[in-house]
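Student: requesting a structural model of the entry that follows:
(one chain, ligands or ions: 1)
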Amino acid sequence: MANGCKPIRILRVITISALLLCAPLAYFVAVIGFHLSGSFVPGFVVGGLLMLTYLASFVALAVWPCPQCHRRFVRFNAFWPRNCSHCGQAC
Ligand SMILES: [Zn+2]
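Tutor: Residues are numbered from 1 along each chain as shown. Take a look at the predicted model:
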């Protein structure tokens with residue numbers, strides 16, 4: 001595993017975490033916020049921030065260069081990219 005793989009692994013975890021946590025966490029915060037303040041706004045804020053986090057990390061992961069061949073590591077259709085789409089470098 002090359003040294004340049006750490007940002008790719010971090011972006012991969014952030015991307016999938018934001019995707020999976022967005023709906024349940026927004027729902028949870030919306031329910032709690034409605035009981036506390038009578039408003040769904042906190043749920044929308046949390047959901048929106050997680051969606052922006054997902055979008056930003058997805059784009060960063062999609063354009064991040066491979067540590068070995070310096071071309072884009074990921075193709076857009078990869079769900080959990082472990083190998084470079086050009087040279088096969090594992091990260
Ligand atoms: Zn590569």
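Student: buried stuff in stretch 24-35?
Tutor: The neighbour-count check on stretch 24-35 (16 or more other CB atoms under 10 Å) flags 25-26, 29-30, 33 as buried. From N, CA and C alone the C-beta is placed, and that goes for glycine too.
Student: quick check: closest non-adjacent residue to the residue nearest in space to the middle of the chain.
Tutor: Centroid-nearest residue in the chain, with CA atoms, centre = their mean: Thr15, separated by 1.2 Å. Distance criterion CB to CB, 6 or more residues apart in numbering; nearest residue to Thr15, sequence neighbours excluded, is Ser57 at 4.3 Å.
Student: just the pLDDT for the one you found.
Tutor: What the model reports as pLDDT for Ser57 is 94.
Student: just the one 10 residues further on next, same as before
Tutor: Model confidence at Pro67, expressed as pLDDT, equals 91.
Student: ramachandran angles for it?
Tutor: Main-chain torsions, Pro67, degrees, to the nearest 10: phi -70, psi -20.
Student: how much space separates the spatially closest residue to it that is not a sequence neighbour from Gln89?
Tutor: Distance criterion CB to CB, 6+ apart; nearest residue to Pro67, sequence neighbours excluded, is Gly4 at 2.7 Å. Gly4 sits 9 Å away from Gln89 when distances are taken as CB to CB, to the nearest Å.
Student: same question, His70
Tutor: Look at His70 and Gln89: by CB to CB, they are 11 Å apart.
Student: kind regards, and thank you for your time.
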